[in-house]
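Trainee: coords please:
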Amino acid sequence: VPVGCALVAQDDAGAWHVEEFFVIAGARRRGRGGRAARALFAAHPGAWTWTVRPENPAALAFWRRVAPTATVTPEPGDDGIVRTRMRLG
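Mentor: Here you go, the predicted structure:
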């Protein structure tokens, strides 16, 4: 039974980007999302990036657990919202 989804894209330079990553509420906090994220990274070796919106601190905590070696930088958007950009690899 699917418990979430991930949408990834590869840019012209070969870097992978997590565009969307979602785990349904009833399946969270059980390790499934972390296993899914690590499986994505393993399936497509190389550089990865993803962005976390400030109104989702739980997502930022999740990604920090999944990819503790990722670099973290603030990234202001055109809309004035500063998001957290994470890079791995």
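Trainee: Gly34 and Val72, how far apart?
Mentor: 18 Å (C-beta to C-beta, to the nearest Å). To be clear about C-beta, it is placed using only N, CA and C from the backbone, and glycine gets the same treatment.
Trainee: and the residue most central in space within the chain, which of the three is it?
Mentor: The residue lying closest to the centre of the chain (C-alpha atoms, centre = their mean) is Trp50, at 4.7 Å. Taking DSSP: H, G, I helix; E, B strand; the rest coil as the rule, one finds Trp50 in the strand state.
Trainee: Please apply the same query to Gly34.
Mentor: Following three-state DSSP, Gly34 is assigned to helix.
Trainee: my guess is it meets Phe62, correct?
Mentor: Yes. Taking C-beta atoms under 8 Å as the definition, Gly34 is a contact partner of Phe62 at 7.5 Å.
Trainee: between those two, who's got more neighbours?
Mentor: Neighbour totals were compared for Gly34 and Phe62, and Phe62 leads with 19 against 15 (other C-beta atoms under 10 Å).
Trainee: burial of the nearest residue to that one once chain neighbours are set aside, as a residue count?
Mentor: The spatial neighbour of Phe62 that comes closest, neighbours along the chain excluded (C-beta to C-beta, 6 or more residues apart in numbering), is Gly33 at 6.4 Å. Using other C-beta under 10 Å, the number of residues around Gly33 comes to 23.
Trainee: How about Asp79?
Mentor: 7.
Trainee: And Thr49, by the same measure?
Mentor: Neighbours of Thr49 under the rule other C-beta under 10 Å: 17.
Trainee: Who are the contact partners of it?
Mentor: 15-18, 85-88 (C-beta atoms under 8 Å, 6 or more residues apart in numbering).
Trainee: 10 Å - rerun?
Mentor: Listed by C-beta atoms under 10 Å, 6 or more residues apart in numbering, the contact set of Thr49 reads 11, 15-18, 70-71, 75, 85-89.
Trainee: Check Ala9 too.
Mentor: By C-beta under 10 Å, 6+ apart, the contact list for Ala9 reads 15-20.
Trainee: Just the buried residues of those.
Mentor: For those, a burial check counting by 16 or more other C-beta atoms under 10 Å picks out 15-16, 18.
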